[in-house]
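> Here is my input, please return the structure:
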Amino acid sequence: MRRSLTLFFSFAAVLLCADLAHGVCGPGADTLPGGRINVGLNGSNFTVFGASGFSSTYTNNTFNNGSSFVQGNIGIGPNGTFSWSDGTIDGDVYMDGSGGFTMSGPAHFTSPHMVKYNQHTVLSSAFMDYQNLSNAANNECDTPPGGYTVNGSSTTTLTNVNITNASQSMIVKDPFGGSKIVLHLNNFIMSAGTFTLEGTATTTYIINVKNQFSLNNAKIQLADMGGNVGSSTGVQASNVLFNIRSSGIQISLNQGAQMSGVLLALGDKVDLSGGKVNGRVIGGQVNITSGGQVISR
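Got it, this is the predicted structure:
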């Protein structure tokens, strides 16, 4: 009996330490049944969201280049402008007030989509959904080593990602299937190679990044338990969150960069200069240029 009590209190102490670092452990408001990221009832309305005026001083969101494409609605906050000179939007653009939207050149909506003005209520509610998600995700406890593997190792604690060539590519795997894996990283920087998240269709990955996030000529990809990328039975983009907690920096996804999941960076400027995202992009300001694309997932 005394041995059982000792083990119980040791385990409780581990949880208490984690609680002090990142809040309450266990399932939270950041996920839905099936492992989907909970972007909220109003937040789910948008594939791209520029939070100008809600969380930052950023203003001018831009969209250009003939091959630039967004599938889904775009939301622009109260101090934001939206300049659109080329490319295609397969959705509506929601503006907070009665102006701030300019459209020129060959830019076009797919029918029957349009710009919608004076949408403050739905935009502010969406922002609160995103803010609640960011806070809830950041308060989650780290998954301990063994709850995930890194390049086959069950003893590695992942605190940074810094991949600069193809030989440094990394695989993070849910060894059990259907798990919720939470990581708190200082930086996530890739200038080459691949970063692969493996698991099942109900595996969730929540990756909190404290400082820098950049993706240049590199890929964040999703796979099943056998390592098959893009599998319908593997990790889904709707179950992956990159929660960037910095403020006032530029997050770049340059030519050749691809990622799947929800990119949530309310305090930062997100620049998709040719980068492609399968999921959602939420930033203080969002610029989509040089063939950048965001495809709703």
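> contacts and neighbour counts: CA atoms only from here.
Noted.
> Quick one: end-to-end distance for stretch 94-103.
By CA to CA, to the nearest Å, the extent of stretch 94-103 from end to end equals 14 Å.
> Surely Ala201 and Gln236 touch.
Yes - between Ala201 and Gln236 there is a contact under CA atoms under 8 Å: 5.8 Å.
> quick one: which of those two has more around it?
Gln236 (30 against 23; other CA atoms under 10 Å).
> quick one: the more buried one and Ser68, what's the gap?
Gln236 is 23 Å from Ser68, by CA to CA.
> what are the bridge partners for Gln221, then?
Thr196 (DSSP bridges).
> Could you check how far it is from Gly87?
Gln221 is 25 Å from Gly87, by CA to CA.
> Looking at the two, which one has more neighbours?
Between Gln221 and Gly87, Gly87 has the larger neighbour count (other CA under 10 Å), namely 24 against 21.
> and the more buried one, what pLDDT?
With respect to pLDDT, Gly87 scores 96.
> Name the SS class of Ser44, please.
helix (DSSP: H, G, I helix; E, B strand; the rest coil).
> Model confidence for the residue lying closest to it once chain neighbours are set aside, exactly?
Sequence neighbours aside, Ala126 is the residue nearest to Ser44 in space, at 7.8 Å (criterion: CA to CA, 6 or more residues apart in numbering). Ala126 carries a pLDDT value of 98.
> I'd say Ala126 and Val48 touch.
No - with contact defined as CA under 8 Å, Ala126 does not reach Val48; the gap is 11.3 Å.
> then the longest strand anywhere in the chain to PDB, C-alphas only?
In the chain, assigned by DSSP state E, the strand with the most residues is strand 258-273. Below are the C-alpha coordinates for strand 258-273, written out as PDB (Å, rounded to 0.1, in the frame of the first residue of the first chain):
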ATOM      1  CA  GLN A 258       4.200  23.800 -48.500                       C
ATOM      2  CA  MET A 259       2.400  23.000 -45.300                       C
ATOM      3  CA  SER A 260      -0.800  21.300 -44.100                       C
ATOM      4  CA  GLY A 261      -2.800  22.400 -41.000                       C
ATOM      5  CA  VAL A 262      -4.000  25.600 -39.300                       C
ATOM      6  CA  LEU A 263      -1.400  28.300 -39.100                       C
ATOM      7  CA  LEU A 264      -2.500  30.600 -36.200                       C
ATOM      8  CA  ALA A 265      -0.300  33.700 -35.700                       C
ATOM      9  CA  LEU A 266      -2.600  36.500 -34.400                       C
ATOM     10  CA  GLY A 267       0.200  38.900 -33.500                       C
ATOM     11  CA  ASP A 268       2.400  38.500 -36.600                       C
ATOM     12  CA  LYS A 269       2.500  39.300 -40.300                       C
ATOM     13  CA  VAL A 270       2.100  36.200 -42.500                       C
ATOM     14  CA  ASP A 271       3.700  36.400 -46.000                       C
ATOM     15  CA  LEU A 272       2.800  33.700 -48.500                       C
ATOM     16  CA  SER A 273       5.200  34.700 -51.300                       C
END
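> Right, I'll call it a day here.
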